[in-house]
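1. got a predicted structure plus its sequence, pasted below:
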Amino acid sequence: MLTTCLLASASSAEDLPVQPVAAVRVVETKLPFASAVDPYRWMEDSSSSEFVSWADGQSAYTHALLAKHTNAAELFKRVSELASARDEVIQIRRRADSIFYLKRPAKANTFKLFVRNDKGGPEKLLFDPTAIGKNASIDFHEPSPNGRYDAFGVSASGSEESTLLVVDAASGRTLSERIGNTRGAMPQWRPDSQSFFYMRHPQVDPGAPAAARAQKRRSYLHRVGAGAERDVAVFGYEVSPLVPVGLNDSTWARAYFGSPYALAIARRGPKMTVPSMLPHSRPWSTETRRGRRSPTSPTTSTTTPFMATIYMC
């Protein structure tokens, strides 16, 4: 879009293919205290013939516009030089005596996961996503409190349809777990550094609508080395009758260092979040997952736009 704006004056409209205009079809979603209006909801199905036609038309228009600009090659060369002139480091996390981060080396196209000691010394490569696919990328990562593990998500071709993996920082070995359907999983470690919460989407049939892949989300508790089929759902769609979570709600369980509780959050709209305090200092029980309220805690406190309820085992 920026390139199109910069170069629009270089060519007359008669010399270019018609730039397609996206259809506007307003979809309004009613929420408890708000309404979400989306004029381009149809674009969520990126495999539909309508979306593919629109995207291909935009691509053809942009290529035609650039082809007519005499300095296009020089412009792209200079932008590439500036973009690859130095290493880029993002998502820096410090745990114990280790610093974890994603780094894209100069002239490289992909961020890789590294760790180094906070007192200096060489960095260690923990995971290179290109080892599992040329266009694979790391979407997120979260190290354990003691710095032994790092839970991270990898997806193909920028899809962000993550598979969650765990790497041992000392050995550099990626462990056996492969947890699919973890787009935006936001792993949050418990204080024991042996287990963490994360969000997972349900498995859907290949022919299901695109929207189905983002429904019925739940937060799970995973223990390092265990299979995903053993993970316990602790919060989310149809998990607790005391905290109803809707079909399209997003859920997370956030752990905080030094606290015996995790904060379970359901996002129901642009200004609506429902947090619930759940204990994570001991193993989860069936009663906890059902949301039994602590007799010593307040019932429900409401301060717009938040509602909070405390639960105990």
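-> Received it, and whenever you're ready, just let me know what you need.
2. could you use CA atoms for every contact and neighbour count after this?
-> Fine.
3. what's the helix or strand for residue 51?
-> Assigned by DSSP states H and E, residue 51 falls within helix 49-67.
4. which helices and strands does that helix pack with?
-> helix 2-7 (3 or more CA pairs under 8 Å, 6 or more residues apart in numbering; DSSP states H and E).
5. and the helix holding residue 51, which residues are buried?
-> Within helix 49-67, the residues scored as buried using 16 or more other CA atoms under 10 Å are 51, 54, 57, 58, 60, 61, 62, 65, 66.
6. just stretch 91-108 next, same as before
-> For stretch 91-108, burial by neighbour count (16+ other CA under 10 Å) applies to 93, 94, 95, 98, 99, 100, 101, 102, 103, 104, 105.
7. dump those into a markdown table; add pLDDT, distance to residue 246 and secondary structure as well.
-> Compiled in a markdown table, these are given as follows (pLDDT from 0 to 100; distance: CA to CA, whole Å; DSSP: H, G, I helix; E, B strand; the rest coil):
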| residue | pLDDT | distance to residue 246 | secondary structure |
| --- | --- | --- | --- |
| 93 | 96 | 33 | strand |
| 94 | 96 | 35 | strand |
| 95 | 95 | 35 | strand |
| 98 | 97 | 39 | strand |
| 99 | 97 | 38 | strand |
| 100 | 98 | 35 | strand |
| 101 | 98 | 35 | strand |
| 102 | 97 | 34 | strand |
| 103 | 96 | 37 | strand |
| 104 | 93 | 39 | strand |
| 105 | 87 | 42 | coil |
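8. report the two of the residues you listed separated the most.
-> 95 and 105 (22.8 Å; CA to CA).
9. and for residue 173, nearest residue in space, chain neighbours not counted?
-> residue 167 (5.7 Å; CA to CA, 6 or more residues apart in numbering).
10. where does that neighbour land in three-state SS?
-> Three-state call for residue 167 (DSSP: H, G, I helix; E, B strand; the rest coil): strand.
11. ok, what's across the strand from it?
-> residue 150, residue 174 (DSSP bridges).
12. how much space between the residue nearest to residue 119 when sequence neighbours are not counted and residue 202?
-> Spatial nearest neighbour of residue 119, excluding adjacent residues (CA to CA, 6+ apart): residue 97 at 7.7 Å. For residue 97, the distance to residue 202 (CA to CA, to the nearest Å) stands at 37 Å.
13. picking that back up, the residue nearest to residue 173: neighbour count?
-> 22 (other CA atoms under 10 Å).
14. is it in contact with residue 153, as I believe?
-> No - using CA atoms under 8 Å, residue 167 is not in contact with residue 153; the gap is 10.9 Å.
15. sorry, back to before: TSV for the buried residues of stretch 91-108, including distance to residue 126?
-> Below are those laid out as TSV (distance: CA to CA, whole Å):
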residue	distance to residue 126
93	14
94	15
95	15
98	13
99	12
100	9
101	10
102	10
103	11
104	13
105	14
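16. wait, which of the residues you listed is closest to residue 161?
-> Nearest to residue 161 among the buried residues of stretch 91-108: residue 102, at 18.5 Å, using CA to CA.
17. in this structure, what secondary structure element scores lowest on mean pLDDT?
-> Every helix and strand of the chain was ranked by mean pLDDT, DSSP states H and E. The lowest is strand 300-303, at a mean of 30.
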